[in-house]
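[1] The following comprises the amino acid sequence and a computationally predicted model.
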Amino acid sequence: MNETSVTRVYVRMSAKKGKKRKLKFFEAIREAIDQSMEKDDSVFIIGEGVPDPKGIFGTTLGLQKKYGDKRVMDMPLSENALTGVCIGAAITGLRPILTHQRIDFSLLSIDQIINNAAKWHYIFGGQLKVPMVIRIVIGRGWGQGAQHSQNLQALFAHVPGLKVVMPTTAYDAKGLLISSIKDNNPVIFIEHRWLHNISDYVPEDYYSVPIGKGKIISKGKDITIAATSYMNVEAIKAADYLKKKKISVEVIDIRTLKPLDDEVIIKSVKKTGRLLVLDSGYYTGGFAGEIIARVSEKAYKHLKSAPQRITLPDLPTPTSPGLTKYYYPGYSDIVKKVLSMLGKQDVKVSFKEESVPLDKPDNSFTGPF
Amino acid sequence: MIEKMDGKKLISLLNDLLYIRLVEERIAELYPEQEIRCPVHLSIGQEAIAVGVCKNLKKDDLVFSNHRCHAHYLAKEGSLKKFFAEMYGKSTGCSKGKGGSMHIIDLTVNFMGSVPVVAATIPIAVGAAFTLSKKESKNISVVFMGDAAIEEGVFHESINFAKLKNLPVLFVCENNLYSVYTPIHLRQPKRKIVDVVKAQGLECYSVDGNDVSAVHDVSKKAIDRIRKGKGPAFIEACTYRWREHCGVNYDDHLGYRCKDEILKWKSKDPIKRLKENMMSKHMITQREIKEIEEKIKKDIDEAVKFAKSSPFPDKSDLHKHIYD
Ligand SMILES: Cc1ncc(C[n+]2csc(CCOP(=O)(O)OP(=O)(O)O)c2C)c(N)n1
Ligand SMILES: [Mg+2]
């Protein structure tokens, strides 16, 4: 994939001096699993297709060869039962990583996730722990449609007892996955498929990035954009564009939806006075609304204009490329929204045709999956 | 089995097999143009099951399907033009561009819909059978599924309810031995699928899914029985997918299926078997087969032309169909 501006920005922000190694997001995920399994015998990974030739978009390739089929396992198409099995393993001392290639498939296990994984620590007065990670891939594009490309992070973030993590960069993917595996609670770890092939500098060592911390990825003073996961890529593109129009945008990667670090966002809003939230989920009841509510509750008097959000419309995903082009918001929508929030609708903008069609993550992608 | 069947029936089975094969091969040919922009799951190699079962269905019988749905839709005589238009995401498609290859429907022939979440349509087909039973209809509901659907809890819950209420529903499991790249022995213990279903009290049948006349005869038995009000039945038909799980290419190079296995199954090509059998009995000539193929290809040309020249849905269509 061509380097996107998000890669450039992250490289700028997270690179340490000295030796730098570039890794793609999917490779960083694999390294986090590998190093966690090496350090801790009780970690195992299971999921449909985990040991297959494609290895969950490359994230599990080679692991079975290294750790054997007792720790790196395929599974029957029994998502609900296997989630319960992982909970059972977790309360008795193992650390499962359960993997779903699409969030839509995790819905078959929603009972075990919400009724049990999220509750067993609390309902027994803290006597049991449920240290498990549920890796879930979300996505968009290429006619995946209504049942193969939903972005339901808000659903999980709604549930007490779950942690919900959504990294954007390869650096954070590795560090946050290591933290998630070490965490003694159920963590929903959500990876956007369109991030899997983006590179970043990723240290070789076993390091963690704390759960529950947002991060400023681009400094600015005129407006705060807080975004989840892939929407940070669009945010950075928009910020780069707006810079040429002399508008300075602060972009915050939310990184963890639950527990939410609203401090970093509120601090930024106190400085800029304006907030735009981007989320890849739906509008009503979505996570963007939660951020806006928090900021309105806690920093109302600092707001110079009404907070705004850009999300998916309240519609299932259609498959036709003739419709998806109106469905997915992109950086040009962000630019226009920012200008209107700043009362600068008159600033002339023009957007050149994207070199990559809207339904593909990059031009090397030719379908079908 | 073939001996008992009259020539006309066999020709019509052959016609349907060729029809599905040629449609799927055309999709494979067109896909690299990147105008069909959705995942596709082809049924090449597995056509005999859809054809053999659907030949016994009436127009008013209901059919439900899964991700690998093209053969079922075509065997139930869903519109070819609307099918191709849906592949191309056009407003004239069978789902108006909202569904793509994995969500197809044609209510004019009671093809009731396909969806890709594994096992999702199984209870829905049972629910449709519930309606039929309530209306004391003579029609039945049929649901096609893969071998992996057996692993989902909802399958077992559905057959339990279907038996409990004695519903007119036929479950057809196309066992092609794989779920994506994972062989069945890594997903299910060594035992027969039909034994599990039998234990729930359903009438069960096993059949060579690459022998269209065998599938036809077995499903005739099952369907006649269901129509008589004797309750749900289950057919396991063994078969093999030729190309990659999703997409139009061969993926033999990945090595998840061994060469011998692939060759063995290809030699059991349901079309080749029927053709050779019929020709050896002088029921059809090479030339007549060619004629059938030419006619089908013409229909496909027309459908593709219709699809390509149809408009995309309008921007305003995006907001249609959320609620009635
Ligand atoms: C609940 C669920 N889990 C996983 C998937 C991903 N998936 C799509 S098709 C498929 C294979 C299903 O195998 P099978 O039922 O045997 O059908 P086949 O593809 O072999 O025809 C899988 C795992 C899914 N669509 N739904
Ligand atoms: Mg199968």
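    Structure received. Ligands and ions are numbered 1, 2, ... in the order given.
[2] tally of neighbours for residue B:49?
    Residue B:49 is flanked by 31 other residues according to other Cβ atoms under 10 Å in any protein chain shown. Glycine gets a C-beta too; all of them are placed from N, C-alpha and C.
[3] Sorry, wrong one. I was asking about residue B:287.
    For residue B:287, the neighbour count with other Cβ under 10 Å is 7.
[4] Show which residues not belonging to the helix or strand it falls within make contact with it.
    Using DSSP states H and E, the element containing residue B:287 is helix B:286-309. The contact list for helix B:286-309 (Cβ atoms under 8 Å, 6 or more residues apart in numbering or on different chains) reads B:11, B:14-15, B:18-19, B:22-23, B:26, B:30, B:35, B:80-81, B:83-85, B:87-88, B:90, B:92-93, B:275, B:279.
[5] are any of those residues buried, and which?
    Buried subset of these (neighbour count, 16 or more other Cβ atoms under 10 Å in any protein chain shown): B:11, B:14, B:18-19, B:22-23, B:26, B:30, B:80-81, B:83-85, B:87-88, B:90, B:92-93, B:275.
[6] Contact residues of the stretch 1-150 of chain B facing ligand 2?
    Counting by Cβ under 5 Å from the ion, the stretch 1-150 of chain B comes close to ligand 2 at B:146-147.
[7] Which residue ranges of the stretch 1-150 of chain B form strands?
    Along the stretch 1-150 of chain B, counting by DSSP state E, counting those that start in this stretch, strands occupy B:62-65, B:111-114, B:141-146.
[8] Specify the stretch among the ones you listed that is closest to residue A:280.
    Shortest separation from residue A:280 across the strands of the stretch 1-150 of chain B is recorded for strand B:111-114, at 26.7 Å, computed as Cβ to Cβ.
[9] Count the residues that sit near the residue of the stretch 51-200 of chain A found nearest ligand 2.
    Residue of the stretch 51-200 of chain A nearest ligand 2, by Cβ to the ion: residue A:77 (9.8 Å). Per other Cβ under 10 Å, the neighbour tally for residue A:77 reads 25.
[10] Let me see the contact set for it.
    If a contact means Cβ under 8 Å, 6+ apart, then residue A:77 has A:48, B:118-119, B:148-149, B:151-152, B:179, B:187 as its contacts.
[11] and it, which of the three is it?
    coil (DSSP: H, G, I helix; E, B strand; the rest coil).
[12] Quick check, the residue in chain B closest to ligand 2?
    Counting by Cβ to the ion, chain B gets nearest to ligand 2 through residue B:146 (3.8 Å).
[13] how near is the residue nearest the centre of chain A to chain B?
    Using Cα atoms, centre = their mean, the residue of chain A that lies closest to the mean C-alpha position is residue A:166, 2.8 Å off. Using Cβ to the nearest Cβ, to the nearest Å, we find residue A:166 at a distance of 23 Å from chain B.
[14] wait, what's in contact with that residue?
    A:153, A:190-192, A:228-229, A:254-257.
[15] Compare the strands of the stretch 1-150 of chain B and report which one is nearest to residue A:109.
    strand B:141-146 (19.5 Å).
[16] ok now that closest one, how far from the chain's centre?
    The chain centroid and the centroid of strand B:141-146 are separated by 8 Å under Cα atoms, centre = their mean, to the nearest Å.
[17] okay, now the nearest residue to residue B:268 once chain neighbours are set aside: neighbour count?
    Nearest residue to residue B:268, sequence neighbours excluded (Cβ to Cβ, 6 or more residues apart in numbering or on different chains): residue B:210, at 4.6 Å. A count of nearby residues for residue B:210, using other Cβ under 10 Å, gives 25.
[18] cool, residue A:206 as well?
    Number of residues near residue A:206 (other Cβ under 10 Å) recorded here: 15.
[19] where's the residue nearest to it when sequence neighbours are not counted, which helix or strand?
    Nearest non-adjacent residue to residue A:206, counting by Cβ to Cβ, 6+ apart: residue A:35, 4.7 Å away. Taking DSSP H and E as the criterion, the element that holds residue A:35 is helix A:25-39.
[20] in that helix, what's buried?
    With burial defined by 16+ other Cβ under 10 Å, the residues of helix A:25-39 counted as buried are A:25-37.
[21] ok, residue 47 - contacts?
    Going with chain A. By Cβ under 8 Å, 6+ apart, residue A:47 lies in contact with A:56, A:60, A:73-75, A:97-101, A:135.
[22] Let me rephrase: I mean chain B.
    So residue B:47 contacts B:16-17, B:20-21, B:71, B:75, B:212, B:270-271 (Cβ under 8 Å, 6+ apart).
[23] Redo those residues as JSON lines? Include distance to residue A:298, neighbour count and pLDDT.
    Below are these laid out as JSON lines (distance: Cβ to Cβ, whole Å; neighbours: other Cβ atoms under 10 Å in any protein chain shown; pLDDT from 0 to 100):
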{"residue": "B:16", "distance to residue A:298": "66", "neighbour count": "23", "pLDDT": "98"}
{"residue": "B:17", "distance to residue A:298": "67", "neighbour count": "24", "pLDDT": "98"}
{"residue": "B:20", "distance to residue A:298": "61", "neighbour count": "25", "pLDDT": "98"}
{"residue": "B:21", "distance to residue A:298": "64", "neighbour count": "21", "pLDDT": "98"}
{"residue": "B:71", "distance to residue A:298": "58", "neighbour count": "28", "pLDDT": "98"}
{"residue": "B:75", "distance to residue A:298": "61", "neighbour count": "26", "pLDDT": "98"}
{"residue": "B:212", "distance to residue A:298": "68", "neighbour count": "30", "pLDDT": "98"}
{"residue": "B:270", "distance to residue A:298": "67", "neighbour count": "27", "pLDDT": "98"}
{"residue": "B:271", "distance to residue A:298": "68", "neighbour count": "20", "pLDDT": "98"}
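[24] between these, which is closest to ligand 1?
    residue B:71 (10.4 Å; Cβ to the nearest ligand atom).
[25] ok, which residues in the stretch 251-369 of chain A are in contact with chain B?
    Residues of the stretch 251-369 of chain A that fall close to chain B, judged by Cβ under 8 Å from any Cβ of the partner chain: A:313-316, A:318-323, A:326-327, A:359, A:366-369.
[26] From these, list just the buried residues.
    Listed as buried from those are A:315-316, A:318-323, A:326-327, A:359, A:367-369; burial here means 16+ other Cβ under 10 Å.
[27] among the residues of the stretch 251-369 of chain A next to chain B, which are within reach of ligand 1?
    Checking these against ligand 1 by Cβ under 6 Å from any ligand atom, not one of them is in range.
[28] List the contacts of the residue nearest to residue B:268.
    By Cβ under 8 Å, 6+ apart, the residues touching residue B:210 are B:45, B:48, B:238-240, B:265, B:268-270, B:273.
[29] That one: what secondary structure?
    coil.
[30] quick one: low-confidence ranges for chain B?
    B:1-3 (pLDDT under 70).
[31] again, only using 80
    Low-confidence segments of chain B, defined by pLDDT under 80, span residues B:1-4.
[32] For it, just list every one of the helices.
    For chain B, applying DSSP state H gives helices covering B:7-30, B:47-54, B:70-75, B:80-87, B:121-134, B:153-164, B:193-199, B:212-227, B:259-266, B:270-280, B:286-309.
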